[in-house]
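J.: Just need the structure, nothing else, for what follows:
(chains A and B)
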Amino acid sequence: MIWPLELVIFAIMIPTALLALWLRDLLGSVAVLAAYSLFVALLFAGMAAPDVALVEVVIGAGVTGLLLVGAILLTARGDDASEGGTSRWVPGVLVAGFLALMLFGSVDLPDYADPEAPGHQRISPDYIEGSLDDTETPNVVTSVLADYRSFDTLGETLVIITAGLACLVILLREAR
Amino acid sequence: MADVLFDRSVYVGVMVLLAIGLYGMLAKRNLAKKLVGMVIFQTAIYLFFIQGAAQMGATVPVIEQDLGVDADTYVNPLPHLLILTALVVGVGVLGVALSFLLRIYRRHGTFDEDRIAADLAAEEIEGHTVDDHDADDHDDAEEARS
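T.: Predicted structure coming up:
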């Protein structure tokens, strides 16, 4: 009976996320966000996705935190933005409506961890059963990433290059 | 009954995290805080996909000789791959957003949305008064005219 683990982590994560938004000190906010990412990684590991958990630790907690800390050290640390005012409740109402809509939409989704869910029926069994014969790679995620769906990965690299170039263009043009 | 509650509670958790992230993006006036909200929103979407991959009685998708290659023994690997890609792309998005943030800060000296809007409105009223911050843009405008 390991099920409630997910609930415990969710119970920690939701206050952590709220704290990250609520803190006035931006560096503290980023630190809490990194802790939040580690909890997410824990949840990924609990859901039998170790590859994603590792990448989330490195990229979600590590690189994201590093980028945000770097940007904050270069600029301002405090959040002195005015809160409240007339438009404070408008986002609240919008988000409440969004949440209600999403919960309503999730009613028809298959139960958590249901082996009969439609998503598990079509192509995924082929990947698992063919992985050793086709690619001689026991790790199915690797064989799907680098073999069955390598064009996805190629597209991802293009996106990363584009993002890197965009960063350079944005920052260099200013330094001129 | 407890099982039914648990089956749906993962969805509730994910949707609540989505709502928190969206609230951060909409309601926070500080642009850096909006990015924090965006990261929370992204993470909730990753979680939604990964929980969709989970199967009762299935293990990590690494083929083990003892377990054989029966698809029911392993969780669905496809969402894992999609989220690996999305994680990396998410950092790309954050990088571009942060470089925009740096430029905004150097020009306006604040992350506060209201003050930036007031600043921009003031510039518009004064016509293109050139201070040393936007001399750069002014030059471009002249180049374009000539």
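J.: Nearest residue to the middle of chain B?
T.: Closest to where the C-alpha atoms of chain B average out (CA atoms, centre = their mean) is B:Met38, at 3.4 Å.
J.: can you pull the pLDDT of it?
T.: On pLDDT, B:Met38 comes in at 93.
J.: B:Ala141 too?
T.: 47.
J.: Rank the helices and strands of chain A by mean pLDDT and give me the bottom one.
T.: Taking mean pLDDT, DSSP states H and E as the measure, the helix or strand of chain A with the lowest value is helix A:124-135, at a mean of 82.
J.: what about the helix or strand hosting B:Leu87, average pLDDT?
T.: Assigned by DSSP states H and E, B:Leu87 falls within helix B:77-108. The pLDDT scores in helix B:77-108 average 90.
J.: circling back to that earlier point, the least confident helix or strand of chain A - contacts with which helices or strands?
T.: Applying 3 or more CB pairs under 8 Å, 6 or more residues apart in numbering or on different chains; DSSP states H and E, one finds that helix A:124-135 contacts helix A:140-143, helix B:77-108. Where you see a C-beta, it was placed from the backbone N, CA and C, and this is true even at glycine.
J.: Format the ones you listed as CSV; extra columns: distance to B:Met15 and mean neighbour count.
T.: Below are the helices and strands packed on helix A:124-135 laid out as CSV (distance: least, CB to CB, whole Å; neighbours: other CB atoms under 10 Å in any protein chain shown):
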stretch, distance to B:Met15, mean neighbour count
helix A:140-143, 26, 25
helix B:77-108, 18, 20
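J.: Indicate which one of these is closest to A:Phe39.
T.: Evaluated over the helices and strands packed on helix A:124-135, closeness to A:Phe39 peaks at helix B:77-108, with 15.4 Å, by CB to CB.
J.: what's the least confident helix or strand of chain A in contact with?
T.: Contact partners of helix A:124-135, identified using CB atoms under 8 Å, 6 or more residues apart in numbering or on different chains, comprise A:137-138, A:140, A:143-144, A:147-148, B:61, B:63, B:69-71, B:74, B:76-78.
J.: Tell me where chain A has strands.
T.: Assigned by DSSP state E, chain A shows no strands.
J.: Low-confidence stretches in it?
T.: A:1-3, A:81-87, A:174-176 (pLDDT under 70).
J.: picking that back up, report the angle between the helix holding B:Leu87 and helix A:124-135.
T.: Here helix B:77-108 runs at an angle of 90 degrees relative to helix A:124-135 (axes from the mean of the first three to the mean of the last three CA atoms, to 10 degrees).
J.: Give the other helices and strands that helix B:77-108 contacts.
T.: Counting by 3+ CB pairs under 8 Å, 6+ apart, helix B:77-108 packs on helix A:50-55, helix A:64-74, helix A:124-135, helix A:140-143, helix A:150-175, helix B:31-53, helix B:113-125.
J.: deepest of the ones you listed, which one?
T.: Stretch with highest mean neighbour count among the helices and strands packed on helix B:77-108: helix A:140-143 (a mean of 25; mean count of other CB atoms under 10 Å in any protein chain shown).
J.: starting at the chain centroid, how far to it?
T.: For helix A:140-143, the separation from the chain centroid amounts to 20 Å (computed by CA atoms, centre = their mean, to the nearest Å).
J.: One more: stretch A:9-23?
T.: 15 Å.
J.: Please identify the buried residues of it?
T.: A:Ile9, A:Phe10, A:Met13, A:Ile14, A:Thr16, A:Ala17, A:Leu18, A:Ala20, A:Leu21, A:Leu23 (16 or more other CB atoms under 10 Å in any protein chain shown).
J.: Show me those residues that map onto helices.
T.: Members of the buried residues of stretch A:9-23 lying in helices (criterion: DSSP state H): A:Ile9, A:Phe10, A:Met13, A:Ile14, A:Thr16, A:Ala17, A:Leu18, A:Ala20, A:Leu21.
J.: Same list, these, but only the ones touching chain B.
T.: Residues of those in contact with chain B (CB under 8 Å from any CB of the partner chain): A:Phe10, A:Met13, A:Ile14, A:Ala17, A:Leu18, A:Ala20, A:Leu21.
J.: so what's the fourth one up against?
T.: Contact analysis of A:Ala17 by CB under 8 Å, 6+ apart lists A:Tyr36, B:Leu17, B:Ile20, B:Gly21, B:Ile40.
J.: Could you do the last one as well?
T.: A:Leu21 makes contact with A:Ser29, B:Ile20, B:Tyr23, B:Gly24, B:Lys28, B:Lys33, B:Val36, B:Gly37, B:Ile40, according to CB under 8 Å, 6+ apart.
J.: what domains does the record give for chain A?
T.: Using automatic domain parsing, the domain parsing of chain A gives A:1-76, A:114-176.
J.: Of all the ones you listed, which one comes closest to B:Glu124?
T.: When the domains of chain A are compared by CB to CB, domain A:114-176 sits nearest B:Glu124, at 21.1 Å.
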